[in-house]
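Q: Next comes the sequence, and after it the predicted model I'd like to discuss.
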Amino acid sequence: MSQDTLQQLKQLAEKVNRLANLCERLQIENESLKTKQRELVRNRAQLMECSALVKSRVESMITRLKTLGQGN
């Protein structure tokens with residue numbers, strides 16, 4: 001093999017290694033983002049549940065206040 005061919009193979013091997021490292025980093029980042037997304041979806045569901053509970057309590061208080069107002 002010529003010196004040029006060996007140099008080209010070495011450069012190609014380095015590029016393949018960099019690409020493999022990039023793929024590994026991206027897989028790790030992707031898993032991290034998926035985990036974060038699951039947490040955000042879970043938090044959103046909890047907030048929506050809490051919001052619905054608060055809304056129900058406020059509506060109940062308004063109804064009671066109207067009832068008290070009609071009694072006078």
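A: That came through, no problem.
Q: Show me the helices in the chain, by range?
A: Along the chain, counting by DSSP state H, helices occupy 3-71.
Q: Poorly predicted segments of it, please.
A: 72 (pLDDT under 70).
Q: Now with 90, please.
A: Within the chain, the segments meeting pLDDT under 90 span 1, 68-72.
Q: now stretch 5-23: how far from the chain's centre is it?
A: Centre-to-centre, stretch 5-23 and its host chain are 33 Å apart (Cα atoms, centre = their mean, to the nearest Å).
Q: Would you mind writing the CA trace of that stretch as PDB?
A: The C-alpha trace of stretch 5-23 is given here as PDB (Å, rounded to 0.1, in the frame of the first residue of the first chain):
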ATOM      1  CA  THR A   5      -3.500   5.200   0.900                       C
ATOM      2  CA  LEU A   6      -2.400   4.500   4.400                       C
ATOM      3  CA  GLN A   7      -2.800   8.200   5.300                       C
ATOM      4  CA  GLN A   8      -6.300   8.200   3.800                       C
ATOM      5  CA  LEU A   9      -7.200   5.000   5.700                       C
ATOM      6  CA  LYS A  10      -6.000   6.600   8.900                       C
ATOM      7  CA  GLN A  11      -8.000   9.700   8.300                       C
ATOM      8  CA  LEU A  12     -11.100   7.600   7.500                       C
ATOM      9  CA  ALA A  13     -10.600   5.600  10.700                       C
ATOM     10  CA  GLU A  14     -10.400   8.900  12.700                       C
ATOM     11  CA  LYS A  15     -13.600  10.200  11.100                       C
ATOM     12  CA  VAL A  16     -15.400   6.900  11.900                       C
ATOM     13  CA  ASN A  17     -14.200   7.100  15.500                       C
ATOM     14  CA  ARG A  18     -15.400  10.700  15.800                       C
ATOM     15  CA  LEU A  19     -18.800   9.700  14.300                       C
ATOM     16  CA  ALA A  20     -19.100   6.800  16.600                       C
ATOM     17  CA  ASN A  21     -18.400   9.100  19.600                       C
ATOM     18  CA  LEU A  22     -20.900  11.600  18.400                       C
ATOM     19  CA  CYS A  23     -23.600   8.900  18.000                       C
END
